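Student: model this:
(one chain, ligands or ions: 1)
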Amino acid sequence: MSDLVLYGDANWQSPYAFSCYVALREKRLPFEYRTLSLEAGDHRAPDYQRNSLTGRIPALRHGDFWLSESSAIDEYLEDAFPAPGHARLYPVAVRDRARARQVQAFLRSDLMPLRMERPTSTIFGRSQGVDPLTPAAREATGRLVAAAEHLLAPNASALFGDFGVVDADLALMLQRLAANGDPLPERLVAYAAGVWQRPSVQAFVAHELPAGR
Ligand SMILES: N[C@@H](CCC(=O)N[C@@H](CS)C(=O)NCC(=O)O)C(=O)O
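Tutor: Prediction:
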């Protein structure tokens, strides 16, 4: 049995669990993915609330150490299982590393109208059909696209040279648009599609969904 357990949602639709799952896969760490039903309120069980501190998924258990908040989990994995023994999740250069963390924070704390109108169920699930984006979501999309175009070098397949976990996070945000046929610059579509083909990402995306999802 692995001493690493990642707690995620039973529907496999959490963008935050996705990030940590990809991080664990990239590091080639054996781990157990334990799913909680958010509909059934599994995450509100007293033990889970106490251990996770936040009562949200994802949470990582490493032996007797518990951690929640997806970017904190990504950074913990980077520190606990460093290169060269394990793949890097973050760039080496201090400023690139800071920029990667900035993008992760931006993707988690901003762009709410886009996240609401293009939920991950439209990427990971079987839901079909979305309404046109509202002006608020179009404004968020404009800022996302401007930031991504600024940071992504021409023909680059990753933001900072080699693939990093921030690429998985950014590609997922872009897929909210690409997967729903919303207009997106071609090179961002190609970047997101390239990231989507990584085995670590496909392991999550291609996972069999529960019935009806
Ligand atoms: N900032 C957190 C967000 C975690 C989060 O919002 N998780 C959602 C699922 S995607 C959740 O646990 N929702 C259940 C609830 O809040 O009751 C992270 O990055 O991990």
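Student: Could you use CA atoms for every contact and neighbour count after this?
Tutor: Noted.
Student: pull the helix or strand with minimum mean pLDDT from this protein.
Tutor: Lowest by mean pLDDT, DSSP states H and E among the helices and strands of the chain is helix 121-124, with a mean of 92.
Student: Which parts of stretch 46-62 count as buried, going by neighbours?
Tutor: 48, 51-52, 54-62 (16 or more other Cα atoms under 10 Å).
Student: Now, these that are in helices?
Tutor: Among those, the members found in helices (DSSP state H) are 48, 51-52.
Student: Check those residues against the ligand and report the nearest one.
Tutor: Among those, Ser52 lies closest to the ligand (Cα to the nearest ligand atom), at 10.3 Å.
Student: For the residue lying closest to that closest one once chain neighbours are set aside, give me its contacts.
Tutor: Residue nearest to Ser52 in three dimensions, not counting chain neighbours: Ser68, with 5.6 Å by Cα to Cα, 6 or more residues apart in numbering. Going by Cα atoms under 8 Å, 6 or more residues apart in numbering, Ser68 touches 52-54, 56-60.
Student: filter those down to the ones near the ligand?
Tutor: When contact is defined as Cα under 6 Å from any ligand atom, those meet the ligand at 56-58.
Student: ok, the residue of the chain most remote from its centre to Ser52 distance?
Tutor: Most distant residue from the mean C-alpha position of the chain: Pro46, 26.3 Å away (Cα atoms, centre = their mean). In this view, Pro46 and Ser52 are 10 Å apart by Cα to Cα, to the nearest Å.
Student: and what of Glu69?
Tutor: For Glu69 relative to Ser52 (Cα to Cα), the value is 9 Å.
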